[in-house]
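>>> Curious how this folds, go ahead:
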Amino acid sequence: MQKKAEKAEMTVNKAVKWLPLLIFLASFLVYFNTLEHGFALDDYSVILEHRHVQAGADGISEILSTNYRHGHQGFNDGLYRPLSLVTFALEKEFFDSSPKIAHWINVLLYCLSVVLLYLGLKRIFKHDENAPLIAALTAILFTSHPLHTEVVANIKGRDELLAFFGFGLSLYGFLKSHKKGSFYLLGLLGLTLALFSKENAVLYVFIIPLLVYFQKGVDLKRIQLILLGTLPLGTVFILLRKHIINSMENAVDPGNFGLLNNPLAVADGSLSWGSTFALQLKFLEKIFFPFELIHDYSYNQIPLVELYSWQSILGILILFGLISFGIWGVIKKNKWGMTALLYLMTIVIASQIFTKIGVHFAERLLFMAVLPFSMLLTFIILKYFKKKQLALIFVVVIVNGFYSGRASDRNEDWENNFSLYKADIEKGSGSARVNYNYGSALSDQADVTADAKEKQRLYELSAQYLKKATEIYPDYLDAWNNLGIVYKKSGQIQKSIEIYQNNIERDPNYAKNYYNIGTAYYQLKDYKKALEYLTEYTNRIPNSPDAYMLMAQIAGNMEQFPLAISYLNAALQYQPKNAEAFNMLGMAYGTLDQYTKAEKSFLKAINLQAQNIQFHLNLSVNYHNAGMVEKEIRSLKKVLQIQNNHPTALQQLIMVLESEGRMEEAQKYRTILGA
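The predicted structure is shown next:
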């Protein structure tokens, strides 16, 4: 009998050793269908359109010393999350910002982090005979929860993933720190990694000690020792973050706390507090019933309610109930009560009770709140089904199967912007931004559609959703702006001009108005007005090479070539490797008979794009006009080295050779032209 028991124990121990790998694979299976995805949503502003990231390794010093979106047009979002941007910069350096590589990193980082979570939980409950089962079941429920899709499937979610990885390292380190001092350092290292990944990791300063306190035999002295390390570290980070944000050339954008992003921040007392307490119900709804997931909950997806509304009152009662239960749990060291307190600690920032943040609600805000929920679900399942193995397996398979399936389905929506916005438009029809995003995506689809009827249909549909966005939020400048662009692209230029002029009245400092109204007048060939508005735009946004290029084109059309040259030099000031700017500069100098300057400009363009045939042809024309025959011949022959049967180059070369009396050589090229 004893041998059978020993054999059974050995079998269990062997199975437990495989649990980390099984949890890793379970996590991977939930998210493997994101590995071929592209970029979506905020990936553009933090990767592709972020100049510090696009500078690769050379941009890392700027990343470490500036706010999160500083590299995106100098925008100050009030955030400091350098580590994820550093990883994106390294991916630019070595993989040219490949979305596939980025998705692989996200998924693998998530899988490793969940394994770390399992190892930490196993130590927390090590005095429980079911410790491996508690830890494994919690980790499995956590990893499959659909609320995590926004973080894992969106590359930008790297900030949350790195913070989670740091959390896992820190928890594991502090759980073992009483045995070996080096693990205490691991705990501090993990927390540092988390803090520099995302600001809400400051909550880990308290969450990690609470989780350690879950462990039997841990007294308050050990918790105090942990806090002696985590509190100063958290304080230093907060002070550093404040210094970085305040040292930026631009103040924190007030739009972060405007009606569109977070109506709680601008609503009056009763509406603000009522909606804040009612928001707690939304948290529980999304955690317990993650059926309808959308990428944006900005105004007016979650309507505001008064303080005396039933939603607000119920939210208050739930909060007080959880607080009371949590305090009792800590005093009695009861796992149920401490789980309630753990939940409250994970939502301290998201709850917006103590301070308003730059968003009303987002699924990513509940990333860590899924942990206490998974623990609670595990406790309930084991309480009622621990001795009923078949029933236990059945319940776990059903719950996990539902979550995994829902998460996998949601992953598909995150393939790219269009798939995401299309999937969410019906569920998020109350959100001005969801309508704006889908309307803008439809416009982008129309741009690349060849069929004229389908193109027009997409533009009309785009206008419909952009109008809906402005109906929900009449001061939505970006939505009005994009609606004007749609009208302009669909040939309704006067209508687009009216929209831009109205937008200027709404906000004279909204720079895009001036650029787009300038391009509209350019299409109407009203060059004087076009230059007037584009000049206003560049006065506000000097770092605008595209605007200067267009202004140079307009000045050329007006035959004001010295003015065109000044605009091109301005463009080159901000884009010194703009080959087309050098090419246009060469043409402008050539028109003014300044052939030497034209030659230098064309050669700079060719140096940047050696295989550009048009640049070589333009250079040959410059040599022809300057009477530099041999250089013209060499330039034309260079074109033929790139494309040996180029008709324009052949015809011009034949003509020049014949004018020089080089008939035999000219005949050779006539043969090529005839072939």
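>>> Could I get the average pLDDT for stretch 294-310?
Regarding stretch 294-310, the rounded mean pLDDT is 93.
>>> The protein - how does it break down into domains?
By the record's domain assignment, the chain is partitioned as 15-412, 577-675 (automatic domain parsing).
>>> Could you dump these into a markdown table and include distance to residue 535?
Using the backbone N, CA and C atoms, a C-beta is placed for each residue, glycine as well. Supplementary listing: the domains of the chain in a markdown table, determined by distance: least, C-beta to C-beta, whole Å:
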| stretch | distance to residue 535 |
| --- | --- |
| domain 15-412 | 19 |
| domain 577-675 | 18 |
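>>> For the residue nearest to residue 511 when sequence neighbours are not counted, give me its contacts.
What sits nearest to residue 511 in space, not counting adjacent residues and going by C-beta to C-beta, 6 or more residues apart in numbering, is residue 540, at 4.4 Å. Residues in contact with residue 540, defined by C-beta atoms under 8 Å, 6 or more residues apart in numbering, are 509, 511, 514.
>>> Apply 10 Å and report the result again.
508, 509, 510, 511, 512, 513, 514, 515 (C-beta atoms under 10 Å, 6 or more residues apart in numbering).
>>> And residue 549, by the same measure?
Counted by C-beta under 10 Å, 6+ apart, residue 549 has contacts 567, 568, 570, 571, 572, 575, 578, 580, 581, 584.
>>> Let me know the helix or strand that it is in.
Residue 549 belongs to helix 545-557 when elements are defined using DSSP states H and E.
>>> Give the rounded mean pLDDT of the helix or strand residue 464 falls within.
In the assignment (DSSP H and E), residue 464 maps to helix 452-472. For helix 452-472, mean pLDDT is 94.
>>> And for stretch 513-527?
93.
>>> The very next helix or strand once past the helix holding residue 464 - contacts with which helices or strands?
Next helix or strand after helix 452-472 toward the C-terminus (DSSP H and E): helix 477-489. Judged by 3 or more C-beta pairs under 10 Å, 6 or more residues apart in numbering; DSSP states H and E, helix 477-489 is in contact with helix 432-447, helix 452-472, helix 493-506, helix 512-523.
>>> and of those helices, who's closest to residue 318?
Closest to residue 318 of these is helix 432-447 (C-beta to C-beta; 27.8 Å).
>>> still on that earlier bit, between the helix holding residue 549 and helix 512-523, what angle do the directions make?
Put simply, helix 545-557 runs at 30 degrees to helix 512-523, going by axes from the mean of the first three to the mean of the last three C-alpha atoms, to 10 degrees.
>>> Mind exporting the C-alpha coordinates of the next helix-or-strand element following helix 545-557 to CSV?
Downstream of helix 545-557, the next assigned helix or strand under DSSP H and E is helix 561-574. What follows is helix 561-574, C-alpha atoms only, in CSV (Å, rounded to 0.1, in the frame of the first residue of the first chain):
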residue,chain,number,x,y,z
PHE,A,561,11.5,80.0,-59.1
PRO,A,562,13.5,81.9,-56.5
LEU,A,563,10.6,81.4,-54.1
ALA,A,564,10.5,77.7,-55.0
ILE,A,565,14.2,77.4,-54.2
SER,A,566,13.7,78.9,-50.8
TYR,A,567,10.9,76.4,-50.0
LEU,A,568,13.0,73.5,-51.3
ASN,A,569,15.9,74.6,-49.1
ALA,A,570,13.5,74.7,-46.1
ALA,A,571,12.4,71.1,-46.9
LEU,A,572,16.0,70.0,-47.0
GLN,A,573,16.6,71.6,-43.7
TYR,A,574,14.3,69.0,-42.1
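>>> buried stuff in helix 561-574?
561, 563, 564, 565, 567, 568, 570, 571, 572 (16 or more other C-beta atoms under 10 Å).
>>> Next: stretch 164-179.
164-177.
>>> Okay, and which of these map to strands?
With DSSP state E as the criterion, strands contain none of the buried residues of stretch 164-179.
>>> Looking at these, which is nearest residue 17?
residue 172 (17.2 Å).
>>> show me the contacts for the residue lying closest to residue 226 once chain neighbours are set aside.
Among residues not flanking residue 226 along the chain, residue 209 sits closest, at 4.8 Å (C-beta to C-beta, 6+ apart). Residue 209 makes contacts with 171, 174, 218, 220, 222-227, 229-231, as judged by C-beta under 10 Å, 6+ apart.
>>> Drop anything exposed from these.
Applying 16+ other C-beta under 10 Å to those flags 171, 174, 218, 222, 223, 226, 227, 229, 230 as buried.
>>> with the residues you listed in mind, which one is nearest to residue 289?
Nearest to residue 289 among the buried ones among the contacts of residue 209, with distances taken as C-beta to C-beta, is residue 171, at 28.3 Å.
>>> Next up, the contacts around the closest residue to the closest one other than its chain neighbours.
Closest residue to residue 171 apart from its sequence neighbours, by C-beta to C-beta, 6+ apart: residue 120 at 4.2 Å. Applying C-beta under 10 Å, 6+ apart, we find residue 120 in contact with 135, 139, 167-176, 208, 211-212.
>>> if we can go back for a sec, so which of the domains of the chain is nearest residue 454?
Nearest of these (C-beta to C-beta): domain 15-412, 22.4 Å.
>>> What residues of the host helix or strand of residue 588 count as buried?
Using DSSP H and E, the element containing residue 588 is helix 579-591. By neighbour count with 16+ other C-beta under 10 Å, helix 579-591 contains the buried residues 579, 580, 581, 582, 583, 584, 585, 586, 587, 588, 589, 590.
>>> chain center to that helix, what's the gap?
Helix 579-591 sits 37 Å away from the centroid of its parent chain (C-alpha atoms, centre = their mean, to the nearest Å).
>>> From the contact counts, what lies against the helix or strand just after it?
Of the helices and strands lying after helix 579-591 in sequence (DSSP H and E), the nearest is helix 595-608. Helices and strands touching helix 595-608, as assessed by 3+ C-beta pairs under 10 Å, 6+ apart, comprise helix 561-574, helix 579-591, helix 613-626, helix 629-642.
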